[in-house]
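[1] My questions concern the predicted model and sequence given below.
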There are 2 protein chains.
Amino acid sequence: MTQTMTVPHPIPEALAEMIAKRFRVLGDSNRLRLLDALRDGPLSVGGLTQATDCTQQNVSKHLGILHEAHLVKRERIGTQALYSIADPAVFELCEHVCGGLRRNVDDLSELLPGG
Amino acid sequence: MTQTMTVPHPIPEALAEMIAKRFRVLGDSNRLRLLDALRDGPLSVGGLTQATDCTQQNVSKHLGILHEAHLVKRERIGTQALYSIADPAVFELCEHVCGGLRRNVDDLSELLPGG
DNA sequence: GAGTACCACAACTCTACGGTTGTGGAGTTG
DNA sequence: CAACTCCACAACCGTAGAGTTGTGGTACTC
């Protein structure tokens, strides 16, 4: 499962920008919380607006960004728009980041007495 | 190795912001290229300046950001500053992102005739 | 058809951040 | 000490992007 080193080296400028762009899409806490809210299943814009404490317009805007990045799927049901996770792999990404953060904290902890 | 679902759900606002912040650090192509340039081993600021086409001040600034995020280590040797990868796991992150991008492209490819 | 949800687009403001310029400090060399 | 190299800090400018406000469009309901 751990496909190793498919990224060319040195990395082409264009690829670096593509990867960076996706990282930027994930670099907003509201968008992460929207994705998190969709873990239990599809939700409408109204439902997602309640899940976060943003305005409906703001939620719609962030969902548009996530949708353009193919991170969520959109399905229209009557007057509603049902959003769902397009690729569950995004959560693995967050797990990886969390793992890195944890190692950082552990390293700091060892530097302190009683750590 | 695949530690599953250690991220709480629903995700706390503060944690979402921490994860988002790290994503933002990785959301710049020059920083990704700096990390990529360090894959072969430690390099000085001068060396990294040559590897990219940025000014020395810009490289130093980005390295400062990467260092503050604990993504690179710094070691002073005389007048030089040797930077190196602090946690090789960042490359796995990039691999994951690349995997997601590939799936997106493949999905698009199937929609086109001859795909 | 009138009224009412539900959603998304556009324009605007304000902040965050990338890049440049200028400069100063630390270390080495002669 | 003087000159030079290497690096990082600070101030500035320009732009990308997050959030708000306003609004229009689509689909149900009565």
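    Received, thanks. Residues are numbered from 1 along each chain as shown, chains lettered A, B, ... in the order given.
[2] Now do the same contact list for the residue lying closest to residue A:85 once chain neighbours are set aside.
    Beyond its immediate neighbours in the sequence, the residue positioned closest to residue A:85 (CB to CB, 6 or more residues apart in numbering or on different chains) is residue A:38, lying 5.1 Å away. Every residue, glycine included, has its C-beta placed from N, CA and C. Counting by CB atoms under 8 Å, 6 or more residues apart in numbering or on different chains, residue A:38 touches A:48, A:72, A:83-85.
[3] Looking at the residues you listed, which are in helices?
    Secondary structure from DSSP state H places residue A:48 of those in helices.
[4] Please check the contacts of residue A:38 and keep the buried ones.
    Listed as buried from these are A:48, A:72, A:83, A:85; burial here means 16 or more other CB atoms under 10 Å in any protein chain shown.
[5] thinking again about what came up before, of the contacts of residue A:38, list those near DNA strand C.
    Of the entries in the contacts of residue A:38, not a single one is placed beside DNA strand C under the rule of CB under 7 Å from any atom of the strand.
[6] Nearest to residue B:114 among the contacts of residue A:38?
    Taking CB to CB as the measure, residue B:114 lies nearest residue A:72 of the contacts of residue A:38, at 28.3 Å.
[7] Assess the claim that that closest one and residue A:87 are in contact.
    No: no contact is recorded between residue A:72 and residue A:87 when judged using CB atoms under 8 Å, the distance being 9.0 Å.
[8] Report the separation between the residue nearest to residue A:85 and residue B:77.
    The spacing between residue A:38 and residue B:77, counted by CB to CB, to the nearest Å, is 49 Å.
[9] ok now do residue A:65, which residues does it touch?
    A:25, A:31.
[10] circling back: which of the contacts of residue A:38 fall within strands?
    Counted as lying in strands by DSSP state E, out of these, are A:72, A:83-85.
[11] List the contacts of the closest residue to residue A:20 other than its chain neighbours.
    Nearest residue to residue A:20 in three dimensions, chain neighbours excluded: residue B:29, at 4.4 Å (CB to CB, 6+ apart). Remark: with contacts taken as CB under 8 Å, 6+ apart, residue B:29 is in contact with A:13, A:16-17, A:19-20.
[12] Keep only those of those that are also close to DNA strand C.
    With the criterion set as CB under 7 Å from any atom of the strand, no member of those is near DNA strand C.
[13] Buried only: go through the residues you listed for me.
    Neighbour-count burial (16+ other CB under 10 Å) applied to the contacts of residue B:29 gives A:16, A:19-20.
[14] Tabulate these (a markdown table), appending pLDDT and secondary structure.
    A markdown table is the format used below for those (pLDDT from 0 to 100; DSSP: H, G, I helix; E, B strand; the rest coil):
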| residue | pLDDT | secondary structure |
| --- | --- | --- |
| A:16 | 98 | helix |
| A:19 | 98 | helix |
| A:20 | 98 | helix |
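[15] List just the nearest of those to residue B:103.
    Sorting the buried ones among the contacts of residue B:29 by how near they are to residue B:103, with CB to CB, puts residue A:19 at the top with 14.2 Å.
[16] Distance check, the closest one against chain B.
    Relative to chain B, residue A:19 is positioned 5 Å away (CB to the nearest CB, to the nearest Å).
[17] before we move on, what about residue A:90?
    To chain B, residue A:90 is 7 Å away according to CB to the nearest CB.
[18] Can you pull out the low-pLDDT segments for chain A?
    Along chain A, segments meeting pLDDT under 70 span A:1-5.
[19] so where do the helices sit in it?
    Using DSSP H, helices in chain A cover A:13-25, A:29-37, A:45-51, A:56-68, A:89-111.
[20] And for residue A:76, the neighbour number?
    Burial of residue A:76 is recorded as 8 neighbouring residues (other CB atoms under 10 Å in any protein chain shown).
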